[in-house]
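Undergrad: Sequence and predicted model, in that order:
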Amino acid sequence: MTLNRREFLAAGAAAASGFVAAGLAEGGEAPAGRRQAVLRLSAQEGFVPGKSLEEKLAKLEKWGIEGLEPGGGIVGNEKHYLDALRNTKVKISAICWGSGGGALVSEDPARRGPAAEELKRVLSSAGELRSTGVIYVPAFNGQTKLSNQEIRKVLTDTLPALGEHALKAGTRLLLEPLNRGEAFFLRQVADAASIARDCKSEGVCVMGDFYHMYIEETSDMGAFISGGKWLHHVHLASRTRVLPGQDDRSFVDGFRGLKYIGYQDFCSFECGCRGDKEVEIPKAIAFLKKEWEQAKL
């Protein structure tokens, strides 16, 4: 029998996951001292139906979604969000900021200083909103001419100070790996975790996205375990970047990884939707809860 590359990698990942699962079975549970993981759902602000922030928050509460993920427009609008949140149980999860045009890792050093200052302002706003962290993509394809090695050097030189700024503000910087169609640098959770490790600041952390992980990772469980203590946010999207449950993408292996590391932060919808969101979002929530229950260690 001949295996293609994807089949070969998938087989290896399955074997690795089985090995981890077998080790857990012998011990009965995840490593001693780990907290019990929780499934805390969130949604990006632009994804939630509603004409106003208040209406969107009411929808989230009705569906039992605990978090809201705004974009970078929070700067200067902190009071608007705090006022709207005051009478709800919804919290701000992460801030989806993006790459800032790739300026922090630009081949032009003159662009990097202003980019760092801009990111500091977003981190300060995120801290004011008690956000999990600010999602940061070093560069999308075409945004820098630096090589992988050069980008990594710029980040490990620059991010420690930004991480300390984040900690003082009460938040984090979250490195997001993307798939090769969107970025040539930083495509796996382990890569992001190695950068966070080398920055030696608890304010520099990582996130994972189920859509990108389907393309770049051989094991969802392995990816999240590699994120370990640095993993503080997750994006939910199915294989075709729609709501979980709207195609054949399974989340069980990934949820098993989150349970293994005792994950406590948000899992946030960042995806499209086939059909009426008022109908489909509750279906997706029920699907994810079922997948979470099936993710036995």
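TA: Perfect, thanks for sending it.

Undergrad: Can you give me the pLDDT of A30?
TA: If you check A30, the pLDDT there is 54.

Undergrad: Give me the neighbour count for E55.
TA: A count of neighbours around E55, defined by other Cβ atoms under 10 Å, yields 12. Every C-beta, even on glycine, is put in place using the N, C-alpha and C of the backbone.

Undergrad: contacts for the one helix or strand it maps to?
TA: Per DSSP states H and E, E55 falls inside helix 53-63. Helix 53-63 has contacts (Cβ atoms under 8 Å, 6 or more residues apart in numbering) with 43, 45, 48-50, 66-68, 80-81, 84-85, 88-90, 281-282, 285.

Undergrad: so of the residues you listed, which ones are in helices?
TA: Judged by DSSP state H, helices contain the following of the contacts of helix 53-63: 80-81, 84-85, 281-282, 285.

Undergrad: PyMOL command for the buried members of the contacts of helix 53-63?
TA: Buried residues among the contacts of helix 53-63 (16 or more other Cβ atoms under 10 Å), as a PyMOL selection:
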select buried, resi 43+45+48+66+67+68+81+84+85+90+281+285
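
Undergrad: buried stuff in stretch 55-62?
TA: For stretch 55-62, using 16+ other Cβ under 10 Å, the buried residues are 56-60.

Undergrad: One more: stretch 209-226?
TA: Neighbour-count burial for stretch 209-226, counted by 16+ other Cβ under 10 Å, picks out 209-214, 216-226.

Undergrad: and that stretch, how far apart are its ends?
TA: Start-to-end span of stretch 209-226 (Cα to Cα, to the nearest Å) is 14 Å.

Undergrad: what mean pLDDT would you report for it?
TA: Mean pLDDT, computed over stretch 209-226, is 98.

Undergrad: Check the offset of it from the chain's centre.
TA: Stretch 209-226 has its C-alpha centroid displaced from the chain centroid by 11 Å (Cα atoms, centre = their mean, to the nearest Å).

Undergrad: per-residue pLDDT, the residue nearest to Q36 when sequence neighbours are not counted?
TA: Counting by Cβ to Cβ, 6 or more residues apart in numbering, G262 is the residue found nearest to Q36 once chain neighbours are left out, at 6.7 Å. At G262, the model reports a pLDDT of 97.

Undergrad: Tell me which helix or strand G262 sits in.
TA: Under DSSP H and E, no helix or strand contains G262.

Undergrad: Tell me how many other residues crowd it.
TA: Residues near G262, counting by other Cβ under 10 Å, number 16.

Undergrad: OK, contacts around it?
TA: Applying Cβ under 8 Å, 6+ apart to G262 gives the contacts 30, 34-37.

Undergrad: And stretch 112-132, how far out from the chain middle?
TA: On Cα atoms, centre = their mean, the centre of stretch 112-132 falls 17 Å from that of its chain.
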